[in-house]
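*Asks:* here are the coordinates; sequence isn't available:
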């Protein structure tokens, strides 16, 4: 026993003195959490700022004011006094009320990935039939949400999902487990659709519409999620050699699925995340995580660890599969499982096939600036 203790002491000593060498006793170092830097800039330094129309941006910002955080309420109050349609007044409002801060990530620097999303329209039915066999689920009764923010403010943006197993909270069912349970999975069913791939992409988009045979449409809004992390199906198919990076668009994945029905379910199950919906009667359109209707081409999904929902964000990127500049002052009004990072955004294109064509091909490099009210302390990211 003495020799064993001595051997362990030697190993531990070696770990401390030569940390760069592999050591069976030392645990692997934890990757450092991403940090954001907010670098103050002048409006004149923002690319394309002078040529960008800002009146639509003002309306998008105003739409989020009913749910905006307290820090933005002063700006919201001023915004309500600006006459609709007055471009010069909108520009004066943003330039006098806010300060732009370039977002810089400890991982990716001042550039990041900008993708697109949209509100799809799926054909479907209220009841199951021979064609429509895949259910659109509402929130299951046994889904438990654990919010630790009141006792652990450092994890205020983290909400855990699980289910009760006796007195223990255990992880909620993964996508594979939900699919395997079939009719034994207990959750409200809002409707049925014919295509599991379209349903999969409905979950990735986070909202959509189900069009019935009589022309009626059921608007589906994000309600909750099973707590499992999102994993990219496109990346999985690239890693498996099923497609190239250039083919890994939404359209490319749908084409692959049509040619590989025997591999489809296993591929879908790679993304263990599963989204549940609720019916929305709001005629104004798809809603985001802020709880307000999204504005096509003027709303963004962001990582709320770094960008507070409701805030204006200046985006400089390019159109899908193009070098043509895409410059917008948009409102941060949504989040997403795949939207992780300080310089990371999902650009909302709108509703239907045309918007879907743009969103499905969009994976561009871009830069972002947070517009923050003058005199207010910058957001905390710890």
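*Replies:* Good, I have the coordinates. Quantities reported herein were computed from a predicted structural model and do not represent experimental measurements.
*Asks:* drop to CA atoms for contacts and neighbour counts, all remaining ones
*Replies:* Will do.
*Asks:* Now for the nearest residue to residue 343 once chain neighbours are set aside, how many residues are close by?
*Replies:* Excluding the flanking residues, the one nearest residue 343 by CA to CA, 6 or more residues apart in numbering is residue 112, at 4.8 Å. Residues lying near residue 112 (other CA atoms under 10 Å) number 22.
*Asks:* which residues does residue 112 contact?
*Replies:* Counting by CA atoms under 8 Å, 6 or more residues apart in numbering, residue 112 touches 343-344, 365-367.
*Asks:* same check, this time on residue 210
*Replies:* Counting by CA under 8 Å, 6+ apart, residue 210 touches 121-125, 191, 193, 217-220.
*Asks:* who does it bridge with?
*Replies:* The bridge-partner assignment for residue 210, based on DSSP bridges, gives residue 122, residue 218.
*Asks:* What distance do you get for the residue nearest to residue 343 to residue 272?
*Replies:* Taking CA to CA, to the nearest Å as the measure, residue 112 and residue 272 are separated by 25 Å.
*Asks:* Residue 183 now?
*Replies:* From residue 183 to residue 272 the distance is 19 Å (CA to CA).
*Asks:* who has more neighbours, those two?
*Replies:* residue 272 (18 against 10).
*Asks:* Residue 174: which of the contacts of residue 112 is nearest?
*Replies:* residue 344 (25.7 Å; CA to CA).
*Asks:* which stretches of the stretch 201-350 of the chain form strands?
*Replies:* Counting by DSSP state E, counting those that start in this stretch, the stretch 201-350 of the chain has strands at residues 207-211, 217-225, 275-280, 299-301, 312-318, 325-334, 344-351.
*Asks:* Minimum distance to residue 146: which of those strands has it?
*Replies:* With CA to CA, the closest approach to residue 146 among the strands of the stretch 201-350 of the chain belongs to strand 217-225: 12.6 Å.
*Asks:* list the helices and strands that closest one packs on?
*Replies:* strand 207-211, strand 275-280 (3 or more CA pairs under 8 Å, 6 or more residues apart in numbering; DSSP states H and E).
*Asks:* how about the longest one: buried residues?
*Replies:* Okay, so that is strand 275-280. 275-278, 280 (16 or more other CA atoms under 10 Å).
*Asks:* residues near the residue nearest to residue 297 when sequence neighbours are not counted, how many?
*Replies:* Sequence neighbours aside, residue 349 is the residue nearest to residue 297 in space, at 5.1 Å (criterion: CA to CA, 6+ apart). Counted by other CA under 10 Å, the residues lying close to residue 349 total 23.
*Asks:* Let me know whether residue 349 touches residue 118 as I believe.
*Replies:* Yes. Under the criterion of CA atoms under 8 Å, residue 349 makes contact with residue 118 at 5.3 Å.
*Asks:* Could you name every residue contacting both of those two?
*Replies:* Shared contacts of residue 349 and residue 118, counting by CA under 8 Å, 6+ apart, come down to 355-356, 359.
*Asks:* quick one: which of those has the most company?
*Replies:* Counting by other CA under 10 Å, top hit in the shared contacts of residue 349 and residue 118: residue 359 with 26 neighbours.
*Asks:* who's in contact with that one?
*Replies:* Listed by CA under 8 Å, 6+ apart, the contact set of residue 359 reads 115-118, 320, 347-349.
*Asks:* could the buried residues of strand 275-280 go into JSON lines alongside pLDDT and distance to residue 77?
*Replies:* Output for the buried residues of strand 275-280, formatted as JSON lines (pLDDT from 0 to 100; distance: CA to CA, whole Å):
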{"residue": "275", "pLDDT": "96", "distance to residue 77": "35"}
{"residue": "276", "pLDDT": "97", "distance to residue 77": "35"}
{"residue": "277", "pLDDT": "95", "distance to residue 77": "33"}
{"residue": "278", "pLDDT": "93", "distance to residue 77": "31"}
{"residue": "280", "pLDDT": "87", "distance to residue 77": "28"}
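*Asks:* Having no further points to raise, I will conclude here.
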